[in-house]
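Enquirer: following is a predicted model, sequence given first.
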Amino acid sequence: MTSNDDILRALGRVEGRLTGIEDNVALLRKEVSDEKANAHNSRAVVHQRLDEQARQIAHLDTRVAISGGADAQIREEIKSLKETVEKNQEAVGPALEEWKRMKSIGYGISGLIAFAGLTIGGMIAYASDGAVAALRHWLKIN
């Protein structure tokens with residue numbers, strides 16, 4: 001039979017091994033809890049990045065919608081301005097044609113006045129010799 005000392009020794013070895021196993025389990029639990037904390041932090045960072053991306057996409061969608069509305073408004077304004085310009089051109093067209101006609105008549109009249117001035121100037125130059133002679137005769141200057 002085994003003695004009490006052998007049994008106590010065996011129980012001591014079992015207890016020592018259990019203590020070692022408990023320490024190993026505690027160490028594993030600590031490592032697992034550290035990994036869980038790291039994984040939680042990592043997931044939190046990923047979720048923050050996803051939230052930021054969602055905010056940026058929403059902001060971009062808002063910008064695109066605003067830009068589209070502004071573009072449509074500008075197109076409508078340009079269309080109405082184009083229509084206004086075309087109406088004004090139609091209304092002013094006859095007046096412009098009349099102005100062009102008056103301008104060409106004015107050039108003709110200016111040409112006639114210039115021609116008449118040159119003609120009169122030529123006649124005065126031609127007649128000036130006779131006029132000088134008549135003036136000298138009248139004033140009795142030799």
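Expert: Looks like it came in fine. All values reported here derive from a predicted model rather than from experimental measurement.
Enquirer: so A10: helix, strand or coil?
Expert: Look at A10: counting by DSSP: H, G, I helix; E, B strand; the rest coil, its state is helix.
Enquirer: what about it, how many residues close to it?
Expert: Around A10 there are 11 other residues, counting by other CB atoms under 10 Å. Using the backbone N, CA and C atoms, a C-beta is placed for each residue, glycine as well.
Enquirer: would you mind measuring from it to K36?
Expert: As judged by CB to CB, to the nearest Å, A10 and K36 stand 38 Å apart.
Enquirer: same check, this time on L27
Expert: Taking CB to CB, one finds L27 at 15 Å from K36.
Enquirer: quick check: which element contains E15?
Expert: helix 4-139 (DSSP states H and E).
Enquirer: name the helices or strands packed onto that helix?
Expert: If you count contacts as 3 or more CB pairs under 8 Å, 6 or more residues apart in numbering; DSSP states H and E, helix 4-139 packs onto no helix or strand.
Enquirer: how far off centre is that helix?
Expert: Centre-to-centre, helix 4-139 and its host chain are 1 Å apart (CA atoms, centre = their mean, to the nearest Å).
Enquirer: where in this protein is pLDDT low?
Expert: Filtered on pLDDT under 70, the chain yields the residue ranges 1.
Enquirer: count the neighbours of R49 for me.
Expert: Neighbour tally, R49, other CB under 10 Å: 10.
Enquirer: can you pull the contacts of it?
Expert: With contact set as CB atoms under 8 Å, 6 or more residues apart in numbering, R49 has no partners.
Enquirer: how much space is there between it and R43?
Expert: Distance, R49 to R43, using CB to CB: 11 Å.
Enquirer: equivalent analysis for E97, please.
Expert: 79 Å.
Enquirer: also A91?
Expert: Taking CB to CB, one finds A91 at 71 Å from R43.
Enquirer: overlap of the contact sets of R49 and R43?
Expert: What both R49 and R43 touch, as defined by CB under 8 Å, 6+ apart, is an empty set.
Enquirer: what are the buried residues along stretch 17-24?
Expert: The neighbour-count check on stretch 17-24 (16 or more other CB atoms under 10 Å) flags nothing as buried.
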